[in-house]
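[1] next one to model:
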Amino acid sequence: MTVHKIFRMTLFSLIILTVAAVGAVMAQEGAQGETQEQTVAPAATEFEGTATLGLGKYFYLPAARGYDIYVQGTIQGQDVIFLNGKEVRVKGSMYKEEPSVFVADSIEVKDAAGVYQTVFTRTGDVKLENHLRTQERNAFASLALTKAEKSEDWEGKGKAKIKGQLVGDVIVVSDDKGKEIGKILVDSTTDFAKYYIQKLKLFNNRLYFYLNIKDTVDVKVRRRTRELFHADIIFAGLY
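    A predicted model of the protein is given here:
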């Protein structure tokens, strides 16, 4: 047998072995992929624990971390504040258009005897009220305030967000050194914003407030009081 034939046979054998090895690796990766797909947990449809921070149509359940639980309707004719401090079991599903919202289809409350009693069953279609969707928050540009006299900092902005601290019906805005720049007068706050303000106070007292900017305070009053303008709070968040 010539050297040339031996070389060709050796090369052919190497090619076959390489193809076989690649096929084995691909088969193994495919099997691993199927195993991973099979082990992915399905979306949660039930949570159980002590309800807190019920306000409007939303309440917070520590066991449902990452979700705001939404109630379409009333609970025995009452607001969801009825659930505060009670041990509950909630069944429902994630709201497809807003993944952070879990819609309650039914709510049960544990009674004194330790037995769960149904207090709510959803009958109507879901319609989020006063809810600022995640994608809509991008339309609120950050507002940079410098001093009370510079009304151009906020006039004509329409919608904006700003970091501050809510004290009563006033948002106090300070610079990086903690020196007060001015105050924003809050005319109204949506229930959704109130819920988030209460929820996030557990983590931080200074929040980002998403505002509808309204009338500017007269310049003479601004200089004396540092009250800058009126606004409605639409939402509040950590960023």
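[2] okay, domains of this structure per the record?
    By the assignment in automatic domain parsing, the chain contains the domains 1-40, 46-121, 134-237.
[3] to K127, which of these lies closest?
    Comparison of the domains of the chain against K127 by Cβ to Cβ identifies domain 46-121 as nearest, at 7.0 Å. No exception for glycine: its C-beta is placed from N, CA and C like everyone else's.
[4] what sits against the spatially most central residue of the chain?
    Taking Cα atoms, centre = their mean as the criterion, S100 is the residue nearest the geometric centre of the chain, at 5.1 Å. Counting by Cβ atoms under 8 Å, 6 or more residues apart in numbering, S100 makes contact with G66, Y67, D68, T134.
[5] relative to D68, how far out is it?
    With distances taken as Cβ to Cβ, to the nearest Å, S100 is found 6 Å from D68.
[6] and the residue lying closest to T52 once chain neighbours are set aside, how many residues sit next to it?
    In this structure, T52 finds its nearest non-sequential neighbour in Y60, 5.2 Å apart by Cβ to Cβ, 6 or more residues apart in numbering. Neighbourhood size, Y60 [other Cβ atoms under 10 Å]: 21.
[7] also the one 4 residues further on?
    A64 is flanked by 19 other residues according to other Cβ under 10 Å.
[8] do the same with A160
    A160: 19 surrounding residues under other Cβ under 10 Å.
[9] which residues does it form beta bridges with?
    When assigned by DSSP bridges, A160 has beta-bridge partners A141, L211.
[10] dump the residue contacts of it.
    F140, A141, S142, L143, W154, Y210, L211, I213 are the contacts of A160 under Cβ under 8 Å, 6+ apart.
[11] try G73
    Here G73 is in contact with F120, R122, T123, G124 (Cβ under 8 Å, 6+ apart).
[12] in helices only, show me these.
    Using DSSP state H, no member of the contacts of G73 falls in helices.
[13] list buried residues within those.
    F120, R122 (16 or more other Cβ atoms under 10 Å).
[14] picking that back up, ok, the residue nearest to the centre of the chain to Y67 distance?
    Distance of S100 to Y67, given as Cβ to Cβ: 6 Å.
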